[in-house]
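Asks: got a predicted structure plus its sequence, pasted below:
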Amino acid sequence: MSGGNNVKLHVNQLESYINSSKEVLDAKDIEEVEHFFKHDEFEMAYEGLLIELTKAEVYPMEFNFQKWKDLGEHYSLDKVRIFDEAIWEKFLKWGISHGGVMKEYSVVKAKNTLSNNVEAGTMGTIVFVFSSQDFEIEFVNENGLTLDILTVSLNDIDLYEPY
C-alpha cells in the first residue's frame, strides 16, 4: 500500500471514530474535534476525541481497543501530546476497562524483542495480570513450547485474541 493510501486509510479511520462517538458524546464535545479534523490537524483531533471520551467515561459502538490504540500510536500519542500530557495513560486505562480486554488467557504478540528468546512477533498468553499496565506472559514457539515467561508492560504487547 502506498504512503498516500495509508494516510487516507488512517484519516478515514479517524473520521469513522469521530462519527461513531457522536452517538455517545454531546455535540459541543465533538465540535472542537471536528474543527481540528477539518483543518487536517488529525493528531489534535484524535487526542481531543480521546480526552472527551475518557472524561465522559463512555464508549462508541463497536469499540475495538486494539484498533484505537494502533491509531493513537500512528499519530504518536504514545510519545507526544498537545492538550493533556496524561491522555495516553488515561486512554489505556479507559480502553482496557472496556470489557477487561487484557485479561488472563488472552493471546498477545510481542511488539519488540523482549529477551534473547522472545523477538518481535512472538506469540504469548497472559498468565497473570498485575495491573492494567503490567502482565506476566508465557511466550511460546510455533510448536507451543515455552520460550520465556516475562513480566511486560502494555506498551510491549499487542492484543492478538481476547479471552
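Replies: Sure, I can see it.
Asks: which positions within the lengthiest helix in the chain qualify as buried?
Replies: Using DSSP state H to define each element, the chain has its longest helix at helix 3-21. By 16 or more other C-beta atoms under 10 Å, the buried positions in helix 3-21 come out as 10, 13, 14, 17, 18, 21. For glycine as for every other residue, the C-beta is placed from the backbone atoms N, C-alpha and C.
Asks: spit out the contact partners of the residue nearest the centre of the chain.
Replies: The centroid of the chain falls nearest to residue 69 when counting by C-alpha atoms, centre = their mean (1.7 Å). Residue 69 is in contact with 91, 92, 95, 158, counting by C-beta atoms under 8 Å, 6 or more residues apart in numbering.
Asks: restricting to C-alpha, output whichever strand or helix holds the first one in CSV.
Replies: Remark: residue 91 resides in helix 87-97, with elements defined by DSSP states H and E. The C-alpha trace of helix 87-97 is given here as CSV (Å, rounded to 0.1, in the frame of the first residue of the first chain):
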residue,chain,number,x,y,z
ILE,A,87,-4.1,11.4,28.0
TRP,A,88,-2.2,8.3,26.7
GLU,A,89,-2.2,6.7,30.2
LYS,A,90,-5.9,7.7,30.7
PHE,A,91,-6.8,6.2,27.3
LEU,A,92,-5.0,2.9,28.1
LYS,A,93,-6.8,2.6,31.4
TRP,A,94,-10.2,3.6,29.8
GLY,A,95,-9.7,1.3,26.8
ILE,A,96,-8.7,-1.7,28.9
SER,A,97,-11.6,-1.2,31.2
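Asks: which other helices and strands contact that helix?
Replies: helix 42-56, helix 65-74 (3 or more C-beta pairs under 8 Å, 6 or more residues apart in numbering; DSSP states H and E).
Asks: centre of the chain to the longest one, how far?
Replies: Computed by C-alpha atoms, centre = their mean, to the nearest Å, the chain-centroid distance of helix 42-56 equals 13 Å.
Asks: next one: stretch 78-90
Replies: Distance of stretch 78-90 from the chain centroid (C-alpha atoms, centre = their mean) equals 13 Å.
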